[in-house]
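Chemist: Requesting a structural model of the entry that follows:
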Amino acid sequence: MDITLNLEKEPYGFRFTMEPSNVIPGVKYHRAVKVDPDTGAEMWVEIATYGDKVLHYEVSVSGLNAEPTASWLLPYLATAPFDGNPQLESKAWAEKALGQVRQGAPLERRVGEAVFVLSGNPPTSYTLEVSHRDYESWLSQHLR
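Modeler: Numbering: from 1, shown residues only. Next up is the predicted model:
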């Protein structure tokens, strides 16, 4: 899976654990937590997969100095290689949207079949979620 493989490489160095879903047969959750050595911010990543397909992923950055870490990690993860994702546009959107995040007011971007949601409580926490635009419906259709 490209997302986890890219995050395991340097300079990122994430180490993922994997566990099957207790609710949905065939779905696996890949999780990793790491502290940014430059800022002390905690980076948390969870990726839900079915076979070789990424269904949903979420990345959170939190801590007293979260903003500098979020400013490179979240735009990078917005470039995930999936069908219909214009990677450079998604990266530019995430970079711009980070400066617009306000507590209780998530920012959303729809690209093809995907929905990007950026939320947080600046400057101490930021979260990017990417999933199929109708995640629950997609699951019910494909996991029968």
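
Chemist: use CA for all of it now, contacts and neighbours both
Modeler: OK.

Chemist: Can you tell me the SS state at the residue nearest the centre of the chain?
Modeler: Centroid-nearest residue in the chain, with Cα atoms, centre = their mean: residue 58, separated by 3.3 Å. Following DSSP: H, G, I helix; E, B strand; the rest coil, we place residue 58 in the strand state.

Chemist: Which strand residues bridge it?
Modeler: Counting by DSSP bridges, residue 58 forms beta bridges with residue 46, residue 129.

Chemist: List the residues that contact the closest residue to residue 60 other than its chain neighbours.
Modeler: Nearest-residue entry for residue 60: residue 127, 4.3 Å, with adjacent residues in sequence omitted and distances by Cα to Cα, 6 or more residues apart in numbering. Residue 127 makes contacts with 58-61, 74, 117-120, as judged by Cα atoms under 8 Å, 6 or more residues apart in numbering.

Chemist: Would you mind measuring from the closest residue to residue 85 other than its chain neighbours to residue 4?
Modeler: Closest residue in space to residue 85, ignoring its immediate chain neighbours: residue 111 at 6.3 Å, by Cα to Cα, 6+ apart. Distance of residue 111 to residue 4, given as Cα to Cα, to the nearest Å: 22 Å.

Chemist: quick check, residue 72 in a helix?
Modeler: Yes. Residue 72: assigned to a helix according to three-state DSSP.

Chemist: so how far is residue 115 from it?
Modeler: 20 Å.

Chemist: of the two, who's got more company?
Modeler: A count of neighbours by other Cα atoms under 10 Å puts residue 115 above the other of residue 72 and residue 115, at 18 against 13.
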